[in-house]
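In: Could you work out the structure for the sequence below:
(one chain, ligands or ions: 1)
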Amino acid sequence: MPKLLKRLQRFRSGSPLSFRLLAWILLFSSAFTLIASALQIYSDYRKDLSQIDSRMQAVESGYSSSLARSLWALDQKLLQTQMEGILSLPDIVHLRLGIEPDSELVMGEIPRGADIQSHSFDLVHQGDEAFKLGELTVTADLDRVYQDMKVKVGVIMATEFLKTFFVSILIIWVFQHFVTRHLTAMANYAKDFSLTNLNTPLTLDRPDTPSHRNDEIGRVTEAFNQMRERLNDDMARQERDAAEIHKFSKAIEQSPSSVVICDRQWRVEFANRKFTQLTGYDAKSIVGRHPGALSNDNLENRDNSHLWQSIRLQVQRVGVWQGEVNSLRRNGERFWEQLIVTPIKDGANDTTGYMILGEDISIRKRYEQQLLRQANYDILTGLPNRMLALDRLKLALAQARRESSMVGVMFLDLDNFKHINDTLGHDAGDNLLIESARRISSSLRGTSTVARLGGDEFLVILPGLTGPESSSQVAERILKTFTPAYSLNGQEVFVTTSIGIAIFPTDSDNSGTLLQHADAAMYQAKHQGKSSYAHFTPELSEISHERLQMESRMRRALELQEFELYFQPIVDTATGKLRAAEALLRWNNPVMGLVMPDRFIPLAEETGLIVPIGEWVLEQACLAATGWKAITGQDIGISVNVSPRQFRDPGFTKAVMRALSNNELAPKRLELEITERLLLDNSIETAEILREMDSAGIRLSVDDFGTGYSALSYLKSYPFDTLKIDKSFVQDVMKESEDATLVRAIINMAHSLGLTVVAEGVEDEQQTHFLQQEGCDFAQGYFYSRPLPAGEFTEWLRTNHRISI
Ligand SMILES: Nc1nc2c(ncn2[C@@H]2O[C@@H]3COP(=O)(O)O[C@H]4[C@@H](O)[C@H](n5cnc6c(=O)[nH]c(N)nc65)O[C@@H]4COP(=O)(O)O[C@H]3[C@H]2O)c(=O)[nH]1
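Out: Residues are numbered from 1 along each chain as shown. Take a look at the predicted model:
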């Protein structure tokens, strides 16, 4: 019993549901039992009453006639016996027999206060005529019935209570065992459920069978565990999301671009580290401010407000704004930044804020400005370049049209720049250009423009001229500034310039044509003699046109096979025997006829066409030399002229080697003629190429010696074999004693350096004798033979047997 109480106690405290359930079960089952028992007792009570009633009926039916007879017969004894017999019947406690007319016989006693039930009936004598003899009232005591009922109630109540109680206990136990303890376990699980034990599933103390899994508790358990797993997943996702968010926020924070995030009202909410580095504004100090109004300078902010208004409008309309902004750092320093402004949208595509990405492009901007400068200005002299000059010219022409004034266009070319550049080196050339630019600029008014068009060409624009003569005055001033010597590499050098002038609108009203005319005039000035100027005349355009035509014809001359090599013998001065031949280029143009190299080689050099033309010459010269061996059986050398531009071409060495190997010519049979201008450049590459040629066995000669700086000293440093005295000295040896002395000195010096000497331009016998006397090794000139086309030269070989090997 204490155990049971304890249990009950536990139910009360730990299992309120069980307790309440027990109470309810008891209440309901008791009520139900009570009602049922009450109904049952009432039914039994009614049955007892009806039994008494039927017993009284039975007394009436059984005794009325016998009592009537006894009464008729006045047989008191019998009557008494009969009445005692009735009184002995159960529950009947009292009889009253009323006898007609007024006597009565009473038997038995009615207990005081007892509940009774009475039944009366007449005693009638049945004769001819019915005669009422009396009336019998039978009274039954209901006490027994009540006693029975009380006992029944007691018994039923006790048994029903016990039954209900034990059934309830049983139900509760069953409920507790199968349901409540699991619910309690669930409750405890739920109570202890936290993020730390998310991985512990809910398990109940019951077998894991399919039926258990499918019942309500099983389903609730499963629901619990599913909930736990979902929570687990959610937590994992949340962790992942948090890590992602952390990563993104770190990325934004550490982004190399500045990042500013604003709310919908364009108030700064966040700014990353880069922003602070870039602008000097601390992120916290600008929170809540408008990104265009960070500075305290009202003027600055007002300027910015227009910009940010258009940014806002464009972001709203187009969804993005990007551009370059000249921003202000906190310290007042300006910098260029590239901004990208975009809205930040939520899942419903509503704008929740704005993001401003910024990148410092100051360096790029500076670089761009530099590029712009480079695109418009000549780096060396700082003068406007061709592009800017043309722009300025167009502007000047437009203004002159409006003002009906004149514009002078001057084309300047330094007369001996190429020579100085080749002989004194590029540095000297550069200094010359810088100084020339300065001198030209110094002779001009403020409104004039001087520009460098490239190389040694300058352009001067003279706006607002009153007449062509004003341009002549300027030209004279410029020429005058060129009079003093230039100091280059410690040497005094005299440089002159040639100026061509064209006037707007007299010569042309078009900038391009004016430039062409000025160029043509410049060539005319050069032609007149250097250090002069010339005005454009209509005839000049023809000359300039010719130059252009020649260039375009030359470009096609190779493929049209218009070039031809002539060969001129180089003979031993003492014996007159052939030693080698010099290849001299000719251009057979159907329109221009036979064009001599002096006319087209400079243009070929200028345009770079000399490189493919020179390769062709090398190839053809080697081919010819191989052919002569076949004819004569002798190895005849071949000299080929190489121009500086050709020599400096990166493919030159390969082209030479290719020509030799293609034609199987021994390198020692090939002699390359190089002008001394090339050597004075003194560049490492020149020396290397010469050495490469020399080590390959190719012979090298200095051509036109005497026309340049004629410095013998450099000859020592290079692997030359031959020195060719220029024809201008040879031709005058018999007339000018100075030239004879010079030629003699050259021969002696060359020999002392171990060089063979060739005299060029030998035209008569006297010259030959002189050279023989002076010990000049070889001679070349009309005296022996003019340069001959290949066929005629072969013929010359056949007829001339004096071949020296
Ligand atoms: N007055 C006179 N002149 C004589 C006499 N003997 C030869 N000559 C000319 O003197 C020039 C000698 O060639 P250069 O000094 O190398 O001068 C050459 C050379 O520098 C250049 N040249 C010729 N062919 C080529 C070539 O294939 N490549 C290159 N780069 N230049 C070439 O053109 C220049 C002129 O060549 P050419 O007109 O053929 O003129 C040739 C030749 O015809 C003479 O007795 N009297």
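
In: all strands of the stretch 501-650 of the chain, in order?
Out: Applying DSSP state E, counting those that start in this stretch to the stretch 501-650 of the chain gives strands spanning 533-535, 563-572, 578-589, 593-595, 637-642.

In: Adding mean pLDDT, mean neighbour count and distance to Ser194 as columns, could you present those strands in CSV?
Out: Just so you know, the C-beta spots here come from the backbone N, C-alpha and C atoms, and that holds for glycine as well. Output for the strands of the stretch 501-650 of the chain, formatted as CSV (pLDDT from 0 to 100; neighbours: other CB atoms under 10 Å; distance: least, CB to CB, whole Å):
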stretch, mean pLDDT, mean neighbour count, distance to Ser194
strand 533-535, 94, 23, 101
strand 563-572, 97, 22, 99
strand 578-589, 96, 22, 101
strand 593-595, 94, 13, 104
strand 637-642, 97, 23, 94
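
In: Switch the ones you listed over to TSV; also include distance to His212.
Out: Shown next, in TSV, are the strands of the stretch 501-650 of the chain (distance: least, CB to CB, whole Å):
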stretch	distance to His212
strand 533-535	118
strand 563-572	108
strand 578-589	111
strand 593-595	114
strand 637-642	106
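
In: Same list (the ones you listed) but as JSON lines, adding distance to the ligand.
Out: Formatted as JSON lines, the entries for the strands of the stretch 501-650 of the chain read as follows, by distance: least, CB to the nearest ligand atom, whole Å:
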{"stretch": "strand 533-535", "distance to the ligand": "27"}
{"stretch": "strand 563-572", "distance to the ligand": "6"}
{"stretch": "strand 578-589", "distance to the ligand": "4"}
{"stretch": "strand 593-595", "distance to the ligand": "10"}
{"stretch": "strand 637-642", "distance to the ligand": "3"}
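
In: Residues of this structure that sit close to the ligand?
Out: Proximity of the chain to the ligand, by CB under 6 Å from any ligand atom, involves residues 568, 583-585, 596-598, 601, 617, 641-643, 673, 703-704, 727, 760-763, 780-782, 787.

In: cutoff 5 Å now
Out: 584-585, 596-597, 617, 641, 643, 761, 763, 781-782, 787 (CB under 5 Å from any ligand atom).

In: so which of the residues you listed comes closest to Asp141?
Out: When those are compared for distance to Asp141, the smallest value, 166.6 Å, is given by Ser643; criterion: CB to CB.

In: and the closest one, what is it in contact with?
Out: If you count contacts by CB atoms under 8 Å, 6 or more residues apart in numbering, Ser643 has them with 601, 604-605, 610, 614, 675.

In: Ok, Arg181 next?
Out: Asp205.

In: That one and Asp205, how far apart?
Out: From Arg181 over to Asp205 the distance is 7 Å, taken as CB to CB, to the nearest Å.

In: circling back to that earlier point, ok, the contacts of Ser643 vs the ligand, which is closest?
Out: When the contacts of Ser643 are compared for distance to the ligand (CB to the nearest ligand atom), Ile601 comes out closest, at 5.0 Å.

In: That closest one touches Leu585, doesn't it?
Out: Yes - with the criterion set as CB atoms under 8 Å, Ile601 and Leu585 qualify as a contacting pair; they are 7.4 Å apart.

In: Which of the three states applies to Phe458?
Out: strand (DSSP: H, G, I helix; E, B strand; the rest coil).

In: So what pairs up with Ile570 in the strands?
Out: The bridge-partner assignment for Ile570, based on DSSP bridges, gives Ala580.

In: Quick check: it touching Gly781?
Out: No - taking contacts as CB under 8 Å, Ile570 lies outside contact range of Gly781: 9.5 Å.

In: Glu337: neighbouring residues, count only.
Out: 21 (other CB atoms under 10 Å).

In: So what does it look like in phi/psi?
Out: Per-residue torsions, Glu337: phi -130, psi 150 (degrees, to the nearest 10).

In: For it, report the pLDDT, please.
Out: pLDDT for Glu337: 90.

In: Go ahead and report the secondary structure state at the nearest residue to it once chain neighbours are set aside.
Out: Closest residue to Glu337 in three dimensions, ignoring its sequence neighbours and counting by CB to CB, 6 or more residues apart in numbering: Gly358, at 4.6 Å. Applying three-state DSSP to Gly358 yields a three-state assignment of strand.

In: can you pull out the strands in the stretch 1-150 of the chain?
Out: Across the stretch 1-150 of the chain, reading from the start of the chain, the strands by DSSP E, counting those that start in this stretch fall at 92-99, 103-108, 116-126, 130-141.

In: ok, back up a step: list just the nearest of the residues of the chain next to the ligand to Leu136.
Out: Within the set of the residues of the chain next to the ligand, Ser643 lies nearest Leu136; the separation is 177.7 Å, counting by CB to CB.

In: Report pLDDT for the closest one.
Out: Ser643 is assigned a predicted lDDT (pLDDT) of 91.

In: for it, phi and psi?
Out: According to degrees, to the nearest 10, the main-chain angles of Ser643 amount to phi -90, psi 160.

In: The longest helix along the chain to strand 130-141, inter-axis angle?
Out: Ranked by residue count, the top helix of the chain under DSSP state H comes out as helix 16-72. Per axes from the mean of the first three to the mean of the last three CA atoms, to 10 degrees, the angle that helix 16-72 makes with strand 130-141 is 150 degrees.
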